[in-house]
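Chemist: turn this into a model:
(chains A and B)
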Amino acid sequence: MGDIWEILPGLGDKLAAHVVLSASAIGLAMLIALPMAVWAGRSRLVSRLALSLASLVQTIPALALLALFFPLLLSLRAVFGEGLPTLGFLPALMALTLYALLPILRNAVTAQANLDPEILEAADGVGMTKWQKLTLVEGPLSAPFIMAGIRTAAVWTIGAATLATTIGQPSLGDPIFAGLQTQNWALVLAGCVASAGLALAADNLLWVIEVGLAKRSRWMTFGGMAVVVTGILAALWAQSSGSDERRIVIASKQFSEQYILAQLIGARLEAAGYAVEYRDGLGSAVVHSAVASSSIDISVDYTGTIWTNYLKRTDNPGREAMYETILEWEARENGVKVLGRLGFENAYAFAMRGDRARALGVTSLTDLVGQAPQLTVGGDPEFFERPEWLAVRDAYGLRFGGTRNFAPTFMYNALQSGEADVISAYTSDGRIAADKLVVLADPKGALPSYDAMLMLSPRIADDAGVAKALEPLIGAISVEAMREANLAVDREDEKKVSPKAAAAGLAASLRRPGLDPGPLTPES
Amino acid sequence: MTLAPPLLQFDGVICRFGSVTAVGTAVGGVDCSIAAGSFVALVGASGSGKSTLLKTVNTLVEPTTGRVLFAGEDVSTLKPARLRRRVGYVFQGVGLFPHFPVAENIAIGPRLAGEKLPPERIAELLALVELDPAMATRMPDELSGGQRQRVGVARALAGEPELLIMDEPFGALDPVTRAALGNKVRELHERLGLTTVMVTHDMAEALLLADRVLVMDRGQLVADATPRELLAGAGGAEAQALVAVPREQAVRLAAMEGPMGRPSEREI
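Modeler: Next comes the predicted model:
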């Protein structure tokens, strides 16, 4: 697909968002760390405590730190009211600020501790007040070292800010995550080049200021600061010059199907005259709460996911009953409107190579029971911990010879190479058709259904225009059409297309386009 | 002892220091008054408490008990910043601010008081310590050790202090610079009508510069006499032990200048 030099110019708004987020986080970290460093310089206890806490924060992976702010802010709504944003800029800012604290704090504390005691005695001796001593002596003499800490913080923060994508804050991580999921390496590379370039530029500019401070060159210090301020102002201006009407925000989780459906939904809304915005690559765990809080407006979620993760149910009342229960629960508990089902399922299912299944005479999970002790089953990293696996295992009494974990992409390769005999596939995955796999029937109904549903946030739940634009999608996407679209994005050869192109292809193959949805036909 | 009213008075000053590892007494009860206009040397071995006692004057050290009166006022009741502008302070480390040029270093005291020293006054202060007024724009790291200490003295004098306190002011200088600067300070003391207290471990320097010598030993004031009295044998055993060193050196030097010529010349 496209060359990265063609993608880069289109990343302007992501770059602006990235700059504003990083600069805000570093600025806020300075506001916290510098006074704290002054305090730490006067109390050993504070110094130890502050540095330990800041170091502790560093041990938390940035991705986890970002994700942790979502539940935290959600619980803080009890204090600050429902208007408190739980996704996007605020949690990203808070997490990155925490992350930027350590280098600034550590350098500032070290710089203060290493000041020449004779100069400090002279400052007292000439009659400086504590404040004068701080601003006339300690501050200026520590400044180059503090600046070095700010440089480190800037590079870390600009790098970590790419992860803000996962909590719904636009950044240069958007192309990286979108590219990773759809294996569009040019897009990944473009995002990486842009964020690395930004980090390098910031590092060099701050270096100029640092040297200016150390050599007491006003020209370098103020010149560097002027360029930094200009860059931040330009980013702010670029951000604010976008239209400020509220757009409809469409979320996608981190897999191809979600990117395609987001584009399909977005295209229909744009055709109906709505301004839309995509929040791609959100962490799966935050999407549901984000819709419920209207941080985003539209998502595609799956009945089985909601059933087990949010209703905390482990029983399986059957496909229709499950859907009806969720429909009613979402409206009652969250104000989320389930507009309808798209018509296909993305369920867990057990799949085997066609030739192997025929050789063993296996067509259903029941057939598998006798063969299982001689077979190896492969699953994605979480599968063997999930209630679906436990349900199937116990319902059929399956005892496999071995279990192995694979990343989803490699699971299919493992099946081809014989490292796994059976895998936990996803029913809408394009590779089922491409690899000519057999999906084993589940006669006992142990696996819950995973109907794809269109979810609307409380903010647009009653928007007739949105409902009208999206109703043609209800019941209109067959599992075969979805598999085909997924395969078009996932494949590695020259027929690979972007999620947007796949969405256009999917739009052309909708069942009964423009007509009212008929009753759903169960997929096998 | 003198008729002039005391400018400085130590009143039962005790300074204890305590930390987790050690507890001790640096100054163990000092009573003493210093008249305006006098040049007092405070002499003692390392650890005798002389620097600690000096620092109680500008409250860099606070006495555990006792009071220090400056012009009749308890220094602990004065605002430290204001007190220190009235007391010029020179110490061995000099402590010039490395990020200020010489002129700004000299002008710092008045600047803190909200007063801006004109360039002529800076030049005058530099001339006072025998430095080229063109040095005003230099940075401290461009100066020699002796030049730096001269700037340190100029800085201490810039605020027209009533009292000049000096803590081993020439300790880090070579002997030639040391002697020259000592004489200069004594001359300025006369010319500006200062009251000066100088801490030193060098009895020769004290005898030559001061008009009153206080000897400290293990936190106690053990002698209080004029140089002439000390040379005449007064002041007690500790003081005489300190006086004996330069006296013996002087005798040996005088002997070398006798008719036999210098021993070193014969040995070479």
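Chemist: tell me which element residue 57 falls in.
Modeler: All of this refers to chain A. Assessed by DSSP states H and E, residue A:57 sits inside helix A:44-59.
Chemist: hm, I was asking about chain B
Modeler: Using DSSP H and E, residue B:57 falls outside every helix and strand.
Chemist: now do the helix holding residue A:57: which elements does it pack against?
Modeler: helix A:12-42, helix A:89-113 (3 or more CB pairs under 8 Å, 6 or more residues apart in numbering or on different chains; DSSP states H and E). Just so you know, the C-beta spots here come from the backbone N, C-alpha and C atoms, and that holds for glycine as well.
Chemist: from the chain's centre, how far out does it sit?
Modeler: Centroid separation for helix A:44-59 versus its chain: 29 Å, with CA atoms, centre = their mean, to the nearest Å.
Chemist: out of the helices and strands packed on helix A:44-59, which is closest to chain B?
Modeler: helix A:89-113 (13.4 Å; CB to the nearest CB).
Chemist: of the helices and strands packed on helix A:44-59, which is nearest residue A:224?
Modeler: With CB to CB as the criterion, residue A:224 lies closest to helix A:12-42 of the helices and strands packed on helix A:44-59, at 14.3 Å.
Chemist: now the angle between helix A:89-113 and the closest one, please.
Modeler: Per axes from the mean of the first three to the mean of the last three CA atoms, to 10 degrees, the angle that helix A:12-42 makes with helix A:89-113 is 40 degrees.
Chemist: so is helix A:12-42 next to chain B?
Modeler: No. Helix A:12-42 is not in contact with chain B by CB under 8 Å from any CB of the partner chain; minimum separation 15.9 Å.
Chemist: and the residue of the stretch 151-300 of chain A closest to chain B?
Modeler: Closest approach between the stretch 151-300 of chain A and chain B, counting by CB to the nearest CB: residue A:216, at 6.1 Å.
Chemist: circling back to that earlier point, hey, which of the helices and strands packed on helix A:44-59 is tucked in deepest?
Modeler: Compared across the helices and strands packed on helix A:44-59, helix A:89-113 shows the largest average neighbour count, a mean of 23 (mean count of other CB atoms under 10 Å in any protein chain shown).
Chemist: that helix packs against which elements?
Modeler: helix A:12-42, helix A:44-59, helix A:62-80, helix A:139-160.
Chemist: need these in JSON lines (columns: mean pLDDT).
Modeler: Below are those laid out as JSON lines (pLDDT from 0 to 100):
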{"stretch": "helix A:12-42", "mean pLDDT": "92"}
{"stretch": "helix A:44-59", "mean pLDDT": "87"}
{"stretch": "helix A:62-80", "mean pLDDT": "84"}
{"stretch": "helix A:139-160", "mean pLDDT": "93"}
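Chemist: spell out which parts of chain A neighbour chain B.
Modeler: With the criterion set to CB under 8 Å from any CB, chain A comes near chain B through A:116, A:118-129, A:132, A:136-137, A:140-141, A:216.
Chemist: again, only using 10 Å
Modeler: Residues of chain A lying close to chain B by CB under 10 Å from any CB of the partner chain are A:116-133, A:136-137, A:140-141, A:143, A:213-214, A:216.
Chemist: put the buried members of the residues you listed into a ChimeraX selection.
Modeler: Only the buried entries of the residues of chain A next to chain B go into this ChimeraX selection, using 16 or more other CB atoms under 10 Å in any protein chain shown:
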select /A:119,120,121,122,123,124,125,126,127,128,129,132,133,136,137,140,141,143,213,214,216
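Chemist: so which of the residues of chain A next to chain B belong to helices?
Modeler: A:117-125, A:130-132, A:140-141, A:143, A:213-214 (DSSP state H).
Chemist: low-confidence regions, the chain specifically.
Modeler: Picking chain A for this. A:1-2, A:241-246, A:512-524 (pLDDT under 70).
Chemist: that answer is for a different chain, and I need it for chain B
Modeler: Using pLDDT under 70, chain B drops low at B:1-5, B:19-23, B:258-268.
Chemist: ok, whatever residue of it ends up closest to chain A to residue A:118 distance?
Modeler: The nearest approach of chain B to chain A comes at residue B:95, 2.7 Å away (CB to the nearest CB). Distance, residue B:95 to residue A:118, by CB to CB, to the nearest Å: 4 Å.
Chemist: common neighbours of these two, please.
Modeler: By CB atoms under 10 Å, 6 or more residues apart in numbering or on different chains, residue B:95 and residue A:118 have these common neighbours: residue A:125.
Chemist: mind listing what the closest residue to residue A:141 other than its chain neighbours touches?
Modeler: Take residue A:141 and drop its neighbours on the chain: the residue closest to it by CB to CB, 6 or more residues apart in numbering or on different chains is residue A:115, 5.8 Å away. By CB under 10 Å, 6+ apart, the contact list for residue A:115 reads A:41, A:123, A:137-138, A:141-142, A:145.
Chemist: contact partners for residue A:112?
Modeler: Going by CB under 10 Å, 6+ apart, the list of residues near residue A:112 reads A:37-38, A:40-42, A:47, A:120, A:134, A:138-139, A:141-142, A:145-146.
Chemist: switch to 8 Å and redo it
Modeler: Applying CB atoms under 8 Å, 6 or more residues apart in numbering or on different chains to residue A:112 gives the contacts A:37-38, A:40-41, A:138, A:142.
Chemist: quick revisit: which non-adjacent residue is nearest the residue of the stretch 151-300 of chain A closest to chain B?
Modeler: Nearest one to residue A:216, counting by CB to CB, 6+ apart, is residue B:99 at 6.1 Å.
Chemist: what is the burial count for residue 80?
Modeler: Using chain A here. Using other CB atoms under 10 Å in any protein chain shown, residue A:80 has 9 neighbouring residues.
Chemist: correction: the question concerned chain B.
Modeler: Neighbours around residue B:80, by other CB under 10 Å: 18.
Chemist: list the contacts of it.
Modeler: A:124, A:127, B:58-59.
Chemist: which helices and strands sit right next to the helix or strand that contains residue A:323?
Modeler: Element membership of residue A:323, judged by DSSP H and E, is helix A:319-329. When contacts are defined as 3+ CB pairs under 8 Å, 6+ apart, helix A:319-329 sits against helix A:303-309, strand A:337-345, strand A:451-456.
Chemist: can you show me the CA trace of the last one as PDB?
Modeler: It stands for strand A:451-456. Extracted C-alpha coordinates of strand A:451-456, given in PDB (Å, rounded to 0.1, in the frame of the first residue of the first chain):
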ATOM      1  CA  ASP A 451     -23.600 -11.500  17.400                       C
ATOM      2  CA  ALA A 452     -22.100  -8.200  16.300                       C
ATOM      3  CA  MET A 453     -24.300  -5.400  17.500                       C
ATOM      4  CA  LEU A 454     -24.400  -1.700  16.700                       C
ATOM      5  CA  MET A 455     -24.200   0.300  20.000                       C
ATOM      6  CA  LEU A 456     -25.200   4.000  20.200                       C
END
